[in-house]
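Participant: here's my sequence, what's the structure:
(chains A and B)
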Amino acid sequence: MSKPSVAVHKFSSCDGCQLAFLNAGEDLLTLSGLVDIRHFLEAGLADEEAEVDIAFVEGSISTADEAERIRKVRAKSRLLVTLGACATSGGLQALRNLDESNEDWKQAIYARPEFIRTLAHAEPVRAHVRVDFELWGCPVNGRQVLAAVRQLLFGVNPLDERDKVCMECKRQNVVCVMVAHDKPCMGPVTRTGCGALCPRFGRDCYACFGPAEQANTSALAQRLEGLGLPPADVARRFLFINSQAPAFHAEGLKHYQPGFANGDRQ
Amino acid sequence: MTERTVSIHVPAMTRVEGEGSLRLRIEAGRIEELALDIFEPPRYFEKFLEGRQYSEVLDIVARICGICPIAYQMTAVQALENAMGIEPAPWVRAMRRVFYCGEWLQSHALHIHLLALPDFLGFDSVVGMAAEHPEAVRRGLRLQGLGNDLIRLLGGRSVHPVGACVGGFYYAPTQAEVDAMLTALREALPQAESLIGWIASLPMPEDAQDFINVALRHPVDYPLAEGRIVTDTGLDIEVSAYEAHFVEEHRPQSTALFSLLDGQPYLVGPLARLNLNLDRLPKATRALLDATGIRFPSRNMFHSLLARTVEIHVAIIEAIRLLEAYVRPDTPHVAVQPRAGVGFGATEAPRGILWHRFEVDDAGIVRAARIVPPTSQNQARIEEDLHRSLLAFGLDQTDDALRLRAETVIRNYDPCISCATHFLDMTVRREPRM
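Facilitator: Residues are numbered from 1 along each chain as shown, chains lettered A, B, ... in the order given. Below you'll find the predicted structure:
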């Protein structure tokens, strides 16, 4: 039996999620023995047209070229797995969607905006093609990705960790930074996967792994207001790395007034 | 003699908005067109930083680059503290340097082994290379892993670490964590030494070029998280004076900006740093470099690879030195009182000087941000180098050899071409000479 084939594709992103593979050390060499890595530019393998069993996709879709390319990737892949926040929820760059800022920002940054061709919105892969599994996180971590690869190779669906960061804090005996220190922690609505890194370091979670299962965002927003956060600050907590994830988007917009992204204080 | 049209595509550079392509057209034995075009979709970081509070900035700028998030965090923190008049404590400055050493180790080891060496040893990828050079690849991956561990010590995770804040760090490692790290660092030192010897022994193309070196300079140490900006043409300026000398321009076909120094291309990165800071090397590192028999300052761009190995050694030596003096503080950061101001920051990212300017209001909200990454500073130099290197190499070389040489020249700068470039799509048209 031939080895399963894998591709890693990059769209609009920072490359940090691909590092889950490139930082894997010895495991990277083991992986290359288990699967046939056909396309992974950063690792030096280029065969974009190859038909593969599993395609990992990093990055959001933010240009017309990317919208076309993701359709080709979908057509060539048996399973398509998103790798991280950009591919799964649009990522940080999707903040431009909030105020339809694409044109203004392009004009502000580039002396020759006519050279820049971007879509108005940066979107998750799911907005363009069917996605089989989503790996959340900004960034995803190596353990999560290699576990998903293992599970897919065994022919089972990857375990989707949807628990809240709060659960992880309890498992690790981490003192609650919200209860003990009044920090505006997003842990109650954020899925775990990071290992409760921020609370372990004494800081509030900033929701880089996206919404947890059944996230009670309005109760948390009320609590944040109770801690003294003005509406703009509450909005910014939800409208950050995963601003396009529906649960965060809906809650964030309740407190949001257009313009904060452009520097206008409310 | 043949005529050729050569177009080379280098997809997807990061933050410099890095999907790029190289266009090369050779006609009648002459290079008629040569440009490195960058077209990775822009993500507009400078704009969505506006309106965000200072306390959110480090988590935002990290996301510009997954390979060098600490460079972005350490440059932004310097600019924000400069803007708000905050003086970091000596412990904080020492730990920022340690943190940054982790990134140099990780990034340089990754570049050398996963991106650059396959060119010099004749492989497509590290996977093929590992079959024939298993020990060398393992050593490289271990050094990369050590860098990641060092980042985790202070940052919790190696990509987009969460430990740094304006004023210091959220968390100070325990003495036991530091001791374990020290043991690992000391064990790795011989590996870094042997890496320098091995890389120095590899045959490199001989090609002396003229270029302006630009790097930070620190009063005592090898430059990393702070310093003045200096050149080998006599410029020696405060970080805040950067904009008076270095100008970015926007070219067609590109989503990145090109930087020039008084209208000239210039070099930032490991080779420029080493050329300008030989006297700041730790003694042990200097002795190893001298023992290679390769003379620095060097005009051979391919010595960048050796410079990276030297900096891996520097990073380990410096991390050991600073962690041996480690004392866990009562609080790892000072309280921040926001105040309005404009601040500047410059640090030595693995790929060269990274420069930031931040303007904040009296509530600590970012009003304006400007970020100049190393790759846009090197871009004009890369094109200049490609031009000279291909001419020196010989335009009548085979298509494959020309393509490989062009790829090698580009990769040698370790541009944040995320997908690094083992993918150059070159089409060659041959037409009879007129």
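Participant: quick one, grab the pLDDT at the nearest residue to A:Q244 once chain neighbours are set aside.
Facilitator: Excluding the flanking residues, the one nearest A:Q244 by CB to CB, 6 or more residues apart in numbering or on different chains is A:G90, at 3.9 Å. Any C-beta I mention is one placed from the backbone N, CA and C, and that applies to glycine too. pLDDT recorded at A:G90 is 95.
Participant: residues contacting A:G90?
Facilitator: A:60, A:97, A:121-124, A:242-244 (CB atoms under 8 Å, 6 or more residues apart in numbering or on different chains).
Participant: just A:V131 next, same as before
Facilitator: By CB under 8 Å, 6+ apart, the residues touching A:V131 are A:80-82, A:125.
Participant: try 10 Å this time
Facilitator: A:57, A:74, A:79-82, A:87-88, A:124-125 (CB atoms under 10 Å, 6 or more residues apart in numbering or on different chains).
Participant: let me know the pLDDT of residue 19.
Facilitator: Because you didn't say which chain, this covers chain A. Per-residue confidence (pLDDT) for A:L19: 92.
Participant: can you look at chain B instead?
Facilitator: In this model, B:E19 is scored at 57, pLDDT.
Participant: A:H9 contacts A:A55, doesn't it?
Facilitator: Yes - with contact defined as CB atoms under 10 Å, A:H9 reaches A:A55; the gap is 6.2 Å.
Participant: for B:S201, grab phi and psi.
Facilitator: Here is the backbone geometry of B:S201 (degrees, to the nearest 10): phi -90, psi -10.
Participant: quick one: mean pLDDT for the helix or strand hosting A:D233?
Facilitator: Here A:D233 is covered by helix A:231-238, with elements defined by DSSP states H and E. For helix A:231-238, mean pLDDT is 95.
Participant: cool, and stretch B:175-194?
Facilitator: Mean pLDDT, stretch B:175-194: 98.
Participant: is any residue of that stretch near chain A?
Facilitator: No - Stretch B:175-194 stays clear of chain A (CB under 10 Å from any CB of the partner chain), getting no nearer than 12.2 Å.
Participant: quick revisit: in the helix holding A:D233, which residues are buried?
Facilitator: A:231-238 (16 or more other CB atoms under 10 Å in any protein chain shown).
Participant: hang on, B:F358 in a strand?
Facilitator: Yes - assessed by DSSP: H, G, I helix; E, B strand; the rest coil, B:F358 belongs to a strand.
Participant: helix/strand/coil for the nearest residue to it once chain neighbours are set aside?
Facilitator: Once flanking residues are discounted, B:F358 sits nearest to B:A79: 4.4 Å by CB to CB, 6+ apart. Using three-state DSSP, the structure places B:A79 in helix.
Participant: over to A:V81?
Facilitator: Applying three-state DSSP to A:V81 yields a three-state assignment of strand.
Participant: close enough to count as contact, it and A:R130?
Facilitator: No - with contacts counted by CB under 10 Å, A:V81 stays clear of A:R130, the gap being 11.7 Å.
Participant: residue 83: neighbouring residues, count only.
Facilitator: Assuming you mean chain A. Here the count is done by other CB atoms under 10 Å in any protein chain shown, and A:L83 has 32 residues near it.
Participant: other chain: chain B
Facilitator: By other CB under 10 Å, the residues close to B:A83 number 25.
Participant: which pLDDT value does the model give it?
Facilitator: With respect to pLDDT, B:A83 scores 98.
Participant: checking it next. Helix, strand or coil?
Facilitator: Classified using three-state DSSP, B:A83 is helix.
Participant: pop the domain breakdown of chain B in here.
Facilitator: B:4-42+B:396-428, B:45-377 (automatic domain parsing).
Participant: what's the end-to-end length of the last one?
Facilitator: If I follow you right, that is domain B:45-377. 18 Å (CA to CA, to the nearest Å).
Participant: only the buried residues of stretch B:203-216, if you could.
Facilitator: The neighbour-count check on stretch B:203-216 (16+ other CB under 10 Å) flags B:204, B:207, B:211-216 as buried.
Participant: between the residues you listed, which is closest to chain A?
Facilitator: Ranked by distance to chain A (CB to the nearest CB), the buried residues of stretch B:203-216 are led by B:M204 at 19.9 Å.
Participant: tell me which element the residue in the stretch 1-150 of chain B that chain A sits nearest to is part of?
Facilitator: For the stretch 1-150 of chain B, the residue closest to chain A is B:G66, as judged by CB to the nearest CB, at 2.3 Å. Following DSSP H and E, there is no helix or strand that holds B:G66.
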